[in-house]
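Asks: Just need the structure, nothing else, for what follows:
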Amino acid sequence: MITIRDEVAADIPDREALLDRCLGERRTAKSSERLREGRLPADGLALTAERDGVVVATVRLWSVEAGGKAALLLGPLAVAPELQGEGLGRAMMREAIWRAACRGHGAVLLVGDAAYYERFGFSGDLTRDLAMPGPVERERFLGLELRDGALSGASGILVATGRMAEATPAAEPARRAA
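Replies: The predicted structure is shown next:
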């Protein structure tokens with residue numbers, strides 16, 4: 001049985017290994033990473049899926065804004081290769097979006113495969129006046145409004161607004177995991 005739950009500090013090493021396995025070590029070179037560096041995920045929006053005590057999927061959402069409009073940046077989403085295609089990614093996405101809406105967030109942004117994320121309501125139309133703080137393929141930069149008009153008038157480059165991770169040895173793995 002697979003359980004989706006809040007991420008805990010003990011998950012970080014396994015989460016990192018899963019991300020390296022699924023996305024490769026170059027994942028930290030992506031533009032989205034610039035918005036996560038040194039930050040903590042948004043409260044209650046770091047999720048882990050576990051099966052028999054093993055981390056098999058992860059997703060986090062991060063606080064950002066553009067032109068004074070608050071939003072969340074989703075990512076990365078990763079599912080263990082042996083479980084891909086079984087609906088776990090879909091379940092993680094639905095849980096993350098539901099939790100974000102329940103916490104009063106108005107919008108979610110991401111960089112990812114449009115064909116995959118469109119099924120959750122994401123669209124490139126919502127990001128046409130937004131930019132990432134680095135190179136990104138435009139067709140992969142997508143948005144979803146959880147509240148009508150949440151991104152109305154949003155423009156400019158996304159900036160991180162989330163809480164900073166503590167600069168202690170114990171916080172270092174969490175900061176690198178971001």
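
Asks: ok, now which ones touch Leu158?
Replies: Leu158 makes contacts with Leu35, Val64, Glu65, Ala66, Ala71, Leu73, Leu109, Leu130, Ala131, Met132, Pro133, as judged by C-beta atoms under 8 Å, 6 or more residues apart in numbering. Quick note: C-beta positions are derived from backbone N, CA and C, even for glycine.

Asks: and with 10 Å instead?
Replies: Leu158 makes contact with 31-32, 34-35, 62, 64-67, 69, 71, 73, 109, 127, 130-133, 141, according to C-beta atoms under 10 Å, 6 or more residues apart in numbering.

Asks: For this protein, give me the ranges with low pLDDT.
Replies: By pLDDT under 70, the low-scoring segments of the chain are 168-178.

Asks: report the longest strand in this protein, please.
Replies: When the chain is scanned for its longest strand (criterion: DSSP state E), the result is strand 54-66.

Asks: next one: that one to chain centre, how far?
Replies: Centroid separation for strand 54-66 versus its chain: 3 Å, with C-alpha atoms, centre = their mean, to the nearest Å.

Asks: circling back to that earlier point, just the buried members of the contacts of Leu158?
Replies: 32, 35, 62, 64, 66, 69, 71, 73, 109, 127, 130, 132, 141 (16 or more other C-beta atoms under 10 Å).
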